[in-house]
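>>> Here is my input, please return the structure:
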Amino acid sequence: MSKLLALFLVCCAMTFGVTATPAQAGLLGVETVRPFVAFNSTGVLNYNASSRQLTATATLIAVRFNGIELFLPLGSAQMALNVQLRTNGSFYRGVQGHDLVLNGTIDVNDDGIPEYTGILLTAEVRAVGFLDNGETDVFDFRLETTGGSMAGVFGKEIAIILTSEHSSFVGNFCLNFGGGAKGDIGTKSGGDECPRTPGWWEDNRCNWPVSHVNVGGQDYNACEIDNVLDGDLPNGRNSYGNVAARLAKYVIATKFNLLNGAGDPGGLIAILAEADAFLAAHPPGSSLTQAQIDEANAYKDALYDFVTSRPNGCGGCGGGHGGGSGHGGGHDRDDCDERRRRRGC
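Below is the predicted model of the structure:
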């Protein structure tokens, strides 16, 4: 027996006792809510005991924003999960690179103008659960969103429920194992942060959850976000009350709220995806027919109701223009303006 192998077995024995017995853990019990992405049984799960890397790759087969329709990705869409585990099945924090990456192209209304493309979602694992159940094992994960064109739709926390068929996992992370991979990735239920208005986000730039956000298939940088929240076009020109620009303002505020931990009160995600589809075809500044104006206003009104809502326990925390004296403040306006000047806005 090599010294390296002997040392590895000793480490396992020290972790679990005298012998390398199976890890004692259970599933996290996370639930996914919309939106969620499904991946099929052609996926592959592998665990390398020497590197302690758990990997899963799979093809994304469908996206659901509401309880009825399934949207098929255009062309190839892929999921890649890469997590480093300890021998007891818990995960290592701070490992370089994204733990989860989704790539692909999604066209919500099938008009040939994709709303979400390229890197759809990136996230970092915050908890891992597992269940050794014979040849069909289950793993679940809680993750924190870090980026991607669909980040603002998924929100702050997501969950993965992964079923591994024909699995060789026996509950022991000192041994290599593998199997199939199918399941879904969705928003984790239970977000309870208070929604906030576009005015609050404009005045509290230092509290933004991200500095880039996808709006109608376009990546807006911090300056463009600030311009739209202020009622202007992304380039800073006067919008003169343009309806598409007003809708973009509420799309940004809604995505910021979801990324900040606010929960979907029901049906919001489908409306948000439809608003993105509208803005992909009619970006801020576009001339609109009366029918298009009515459609944009319907989306805007629904998002307005969300960002100005006060769920139980929120009181008046959403605020409008103000310096962060409500729930979750922390930087005054002058400080944020100074950061804004340094960034060249």
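>>> Could you use CA atoms for every contact and neighbour count after this?
Noted.
>>> For the stretch 1-150 of the chain, which segments are assigned as strands?
Defined through DSSP state E, counting those that start in this stretch, the strands belonging to the stretch 1-150 of the chain, from first to last, are 32-48, 53-64, 78-84, 100-106, 116-131, 137-147.
>>> So W208 sits against F256, correct?
Yes: the pair W208 / F256 is scored as a contact, 6.9 Å apart, by CA atoms under 8 Å.
>>> Is it possible to get a markdown table of the strands of the stretch 1-150 of the chain that adds mean neighbour count, mean pLDDT and distance to K300?
As requested, the strands of the stretch 1-150 of the chain are arranged in a markdown table below (neighbours: other CA atoms under 10 Å; pLDDT from 0 to 100; distance: least, CA to CA, whole Å):
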| stretch | mean neighbour count | mean pLDDT | distance to K300 |
| --- | --- | --- | --- |
| strand 32-48 | 20 | 89 | 20 |
| strand 53-64 | 21 | 94 | 21 |
| strand 78-84 | 20 | 96 | 32 |
| strand 100-106 | 22 | 95 | 22 |
| strand 116-131 | 21 | 96 | 20 |
| strand 137-147 | 22 | 96 | 24 |
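>>> Does L72 touch I61 like I think?
Yes: between L72 and I61 a contact is recorded at 6.2 Å, counting by CA under 8 Å.
>>> on that earlier part again, what would the strands of the stretch 1-150 of the chain look like in a markdown table with distance to C174?
Below are the strands of the stretch 1-150 of the chain laid out as a markdown table (distance: least, CA to CA, whole Å):
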| stretch | distance to C174 |
| --- | --- |
| strand 32-48 | 9 |
| strand 53-64 | 11 |
| strand 78-84 | 13 |
| strand 100-106 | 23 |
| strand 116-131 | 15 |
| strand 137-147 | 17 |
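>>> ok so, going back, which one of W208 and F256 is surrounded by more residues?
Neighbour comparison, W208 and F256: the larger count goes to F256, with 29 against 16 (by other CA atoms under 10 Å).
>>> roughly how far is the helix or strand hosting that one from the heart of the chain?
Assigned by DSSP states H and E, F256 belongs to helix 243-259. Taking the mean of its C-alpha atoms, helix 243-259 sits 16 Å from the chain's own mean (CA atoms, centre = their mean, to the nearest Å).
>>> how much space between the residue nearest to R126 when sequence neighbours are not counted and Y47?
Sequence neighbours aside, L143 is the residue nearest to R126 in space, at 5.1 Å (criterion: CA to CA, 6 or more residues apart in numbering). Applying CA to CA, to the nearest Å, one obtains 19 Å for the distance of L143 from Y47.
>>> Need the distance between the two termini of stretch 228-248.
With CA to CA as the measure, what separates the two termini of stretch 228-248 is 7 Å.
>>> Name the surrounding residues that touch it.
With contact meaning CA atoms under 8 Å, 6 or more residues apart in numbering, stretch 228-248 is reached by 198-199, 201-202, 215, 220, 223-225, 227, 249, 252-253, 275, 279, 282-286, 293, 296-297, 299-300.
>>> one more time with 7 Å, if that's ok
When contacts are defined by CA atoms under 7 Å, 6 or more residues apart in numbering, stretch 228-248 is touched by residues 198-199, 202, 215, 224-225, 227, 249, 279, 282-286, 293, 296, 300.
>>> chain center to that stretch: distance?
Counting by CA atoms, centre = their mean, stretch 228-248 comes out at 26 Å from the chain centroid.
>>> Same question for stretch 194-205.
In terms of CA atoms, centre = their mean, the centre of stretch 194-205 is set 20 Å apart from its chain centre.
>>> and the end-to-end length of it?
Length of stretch 194-205, first residue to last, CA to CA: 17 Å.
>>> avg pLDDT for that stretch?
Mean pLDDT, stretch 194-205: 95.
>>> what does stretch 155-166 give?
95.
>>> Tell me which residues of it come out buried.
G155, K156, E157, I158, A159, I160, I161, L162, T163, S164, E165 (16 or more other CA atoms under 10 Å).
>>> Ok, stretch 254-266 next?
For stretch 254-266, using 16+ other CA under 10 Å, the buried residues are T254, K255, F256, N257, L258, L259, N260, G261, A262, G263, D264.
>>> how is this protein carved up into domains?
By the record's domain assignment, the chain is partitioned as 29-188, 198-342 (automatic domain parsing).
>>> now the end-to-end length of the first one.
To tie it back to what came earlier, the one meant is domain 29-188. The separation between the terminal residues of domain 29-188, taken as CA to CA, is 11 Å.
>>> same thing with stretch 128-136?
Start-to-end span of stretch 128-136 (CA to CA) is 17 Å.
>>> ok, residues contacting that stretch?
Residues outside stretch 128-136 that contact it (CA under 7 Å, 6+ apart): 25-28, 90-91, 137-142, 163-171.
>>> swap the cut-off to 8 Å and go again
The set of residues that contact stretch 128-136 without belonging to it, under CA under 8 Å, 6+ apart, is 25-28, 89-91, 137-142, 163-171.
>>> Could you pull out the buried residues of whichever strand or helix holds Y304?
Of the helices and strands defined by DSSP H and E, Y304 is found in helix 290-307. Residues of helix 290-307 classed as buried under the neighbour-count rule (16+ other CA under 10 Å) are A296, N297, Y299, K300, L303, Y304, F306, V307.
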